[in-house]
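>>> got a sequence here, can you build the structure:
(chains A and B)
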Amino acid sequence: MPIRDTVSWNIMISGFLRNGDFDTGFGYFKRLLELGFDWLDQANFTTMLSACDIQEYSFVTKIIHCLVVLSGYEQEVTVGNALITSYFKCGSCGLGRQVFGEMRERNVITWTAVISGLVQNQLYDDSLKLFAEMRCGSVNPNFLTYLSSLMACSGLQALREGRQIHGILWKLGSQLDLRIESALMDMYSKCGSVEDAWRVFESAEELDEVSMTVILVGFAQNKFEDEAIQFFVKMVKAGIEIDPNMVSAVLGVFGVDTSLGLGKQIHSVIVKRGFTSNPFVSNGLINMYSKCGDLKESIKVFSRMSDKNSISWNTMIAAFARHGNGSRALELYKEMRLEGIKPTDVTFLSLLNACSHVGLVEKGMEFFKSMTEVHKISPRTEHYACVVDMLGRAGLLNEAKSFIEGLPVKPDLLVWQALLGACSIHGDSEMGKYAADQLILAVPNSPAPYILLANIYSSKGRWRERARTIRRMKEMGVDKETGISWIEIENAVHSFVVDDRSHPNAEIIYEVLAELFRHMIDEGYQPDKRFILHYLDQNDKE
DNA sequence: TTAGGGTTAG
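As a prediction, this is how the structure comes out:
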């Protein structure tokens, strides 16, 4: 069949592109070009650009942009919009904005493409600024614009701006789209307000797998672990269609306080539904078992995975480190490199952490060096804090201090916390005071530095300095909240504070405690008496 | 041509 018109060409090209056969699609585009520019129309360009949705196609996008200019279509609004979208999808944000800046005609899609493109590239602040600019102009936002702006608020944890958008939507008065409701819930929970998220959830007329995942993650990431698990269990019992996203979200809440048994039950749900091959689910399982103390099971899940990604490796490295097997963690890193998996910034956090806990300072410093020099990953303050922690734990407090002094950025509280922590392990009150002072400057309202410093003084028997530190804390109006512990017995929660005798069975409880303590001593337990805060003789300290 | 959710450290 002789191919005579542009539309036929375009249908053919888009057919191949849609089926993922980029080579053939591009091949036909090339043949079309050979026929001359007269054969091209704007649809050919938008079709080609729609295939440029991955980072590797950035260069292709630029070439198509050149062809657009050559054929005189650069002021067509649909072509401009497609260019903007492709540039942002390829990560070329600057070029995307440049196209936007040069467009004479801009419709709602133009604005929304930039606003959402900025969000996709984590430039949330710029995205909200543009949204504000758009609201001053003549083009009205549509629901996708609001959706993207809400996502920007989530990224920035900007509760005030998020509420404003919620207000605008409320004033518009129309029934909210479920996608908008999900974005609202996500915004509220990322901003730490699960209550607001829950209110939106309850007012939603219908729910789907995404909105349920959002509220589940909202619970999970705001320390409502029990609620998250209960919500998940309720969904399973109610026969609601569970998807892998929900499963990986709920796995994320498992930790030391959650029961391994419940985790195993969720594992069986995963097997029943056939989600075992989903990498998010498997990574979540590795992490769940590791955090709940079952390293063997973590290893099993890890070794069964056919396509391990960098997160799988990072999680497994961290698992070995958590279980005190630093050398195995480092071996695993070697295997990861042999498999050709690129390490990420988190890989190095896990490695530094592993080195820190097994005292491999030199090895750790090597990792830190190779991270920046070989892998070109720029360190975050978390990495600096890990290095300080590593040096500090090894007793190299002076090295830790000079490391901090040599940092290219202002050290943040994580760094000072690491130094102070190390000082308290090694009982260095001089440097401890220095670190605590820095920490107090950084976070004036936190009782932690005062308490840690006071504890260092106590361990040295320097009672006067200890008292001065506590006085200073009180003068600054900082209060230490009394630490409460609690235990759940047969669905009743019993909470208690230090030296608490208010419980009706206090007598019996303390008798049992004394009995347990005698057992511990018999088993060879050596109490750590350094941090007893008051002046007592050795026997009383026990 | 703009499109809501999930896993990794401490």
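
>>> distance of the residue at minimal distance from the centre of chain A from DNA strand B?
When C-alpha atoms, centre = their mean is applied to chain A, the residue found nearest the centroid is residue A:221 (9.6 Å). From residue A:221 across to DNA strand B, the span is 7 Å (C-beta to the nearest atom of the strand, to the nearest Å). (C-beta placed from N, C-alpha, C; glycine too.)

>>> equivalent analysis for residue A:95, please.
16 Å.

>>> do residue A:132 as well
As judged by C-beta to the nearest atom of the strand, residue A:132 and DNA strand B stand 17 Å apart.

>>> figure out how far stretch A:181-198 is from the centre of its chain.
16 Å (C-alpha atoms, centre = their mean, to the nearest Å).

>>> buried ones in it, by neighbour count?
A:181-191, A:193-194, A:196-198 (16 or more other C-beta atoms under 10 Å).

>>> out of those, which sit inside helices?
Here DSSP state H is the test, and the buried residues of stretch A:181-198 give A:181-190, A:194, A:196-198 as lying in helices.

>>> so which of these are also by DNA strand B?
By C-beta under 7 Å from any atom of the strand, the members of these lying near DNA strand B are A:181-183, A:186.

>>> how about the strands in chain A?
With DSSP state E as the definition, chain A shows strands at residue ranges A:485-489, A:492-496.

>>> list the contacts of residue A:382.
A:349, A:414 (C-beta atoms under 8 Å, 6 or more residues apart in numbering).

>>> show the model's pLDDT score for it.
Looking at residue A:382, its pLDDT reads 94.

>>> okay, now residue A:323: neighbour count?
Burial measure for residue A:323: 16 neighbouring residues, criterion other C-beta atoms under 10 Å.

>>> contacting residues for the closest residue to it other than its chain neighbours?
For residue A:323, ignoring the flanking residues on the chain, the nearest one in space by C-beta to C-beta, 6 or more residues apart in numbering is residue A:295 at 4.8 Å. Residue A:295 sits next to A:289, A:319-320, A:323, A:325 when contact means C-beta under 8 Å, 6+ apart.

>>> specify which member of those is nearest to DNA strand B.
residue A:319 (7.6 Å; C-beta to the nearest atom of the strand).

>>> I figured the closest one hits residue A:283, correct?
No: using C-beta atoms under 8 Å, residue A:319 is not in contact with residue A:283; the gap is 10.9 Å.

>>> out of the ones next to DNA strand B among the ones in helices among the buried residues of stretch A:181-198, which comes closest to DNA strand B?
residue A:182 (3.3 Å).

>>> could I get the contacting residues of the closest residue to the closest one other than its chain neighbours?
Nearest non-adjacent residue to residue A:182, counting by C-beta to C-beta, 6+ apart: residue A:211, 4.5 Å away. Applying C-beta under 8 Å, 6+ apart to residue A:211 gives the contacts A:178, A:181-182, A:185, A:201, A:204.

>>> likewise for residue A:286?
Residues counted as contacts of residue A:286 (C-beta under 8 Å, 6+ apart) are A:298, A:301-302, A:312, A:315-316, A:319.

>>> possible to save the contacts of residue A:211 as a markdown table with pLDDT?
What follows is those, written out as a markdown table (pLDDT from 0 to 100):
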| residue | pLDDT |
| --- | --- |
| A:178 | 94 |
| A:181 | 96 |
| A:182 | 96 |
| A:185 | 97 |
| A:201 | 95 |
| A:204 | 93 |
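
>>> and the pLDDT for the closest residue in space to the residue nearest to the centre of chain A that isn't next to it in sequence?
Setting aside the residues directly before and after it, residue A:221 is nearest to residue A:189 in space (C-beta to C-beta, 6+ apart), at 6.6 Å. Residue A:189 is assigned 96 on the pLDDT scale.

>>> okay but residue A:189 is in contact with residue A:217, surely?
Yes: using C-beta under 8 Å, residue A:189 is in contact with residue A:217, at 6.7 Å.

>>> got the residues of the stretch 401-542 of chain A near DNA strand B?
Residues of the stretch 401-542 of chain A lying close to DNA strand B by C-beta under 7 Å from any atom of the strand are residue A:414.

>>> redo that, cut-off 10 Å
Counting by C-beta under 10 Å from any atom of the strand, the stretch 401-542 of chain A comes close to DNA strand B at A:414, A:417-418, A:421.

>>> quick one: the helices in the stretch 1-150 of chain A, in order.
Along the stretch 1-150 of chain A, counting by DSSP state H, counting those that start in this stretch, helices occupy A:6-18, A:22-34, A:42-50, A:58-70, A:77-89, A:93-102, A:108-120, A:124-136, A:143-156.

>>> identify the residues contacting the residue of the stretch 1-150 of chain A found nearest DNA strand B.
Taking C-beta to the nearest atom of the strand as the measure, the point where the stretch 1-150 of chain A comes nearest DNA strand B is residue A:81, at 2.8 Å. Going by C-beta under 8 Å, 6+ apart, residue A:81 touches A:107, A:109-110, A:113.

>>> for burial, what's the neighbour tally of residue A:135?
By other C-beta under 10 Å, 14 other residues sit near residue A:135.

>>> wait, it sits on residue A:149?
No: look at residue A:135 against residue A:149 with C-beta under 8 Å: they stay out of range, at 9.6 Å.

>>> which residues do these two both contact?
Residues touching both residue A:135 and residue A:149 (C-beta under 8 Å, 6+ apart): residue A:141.
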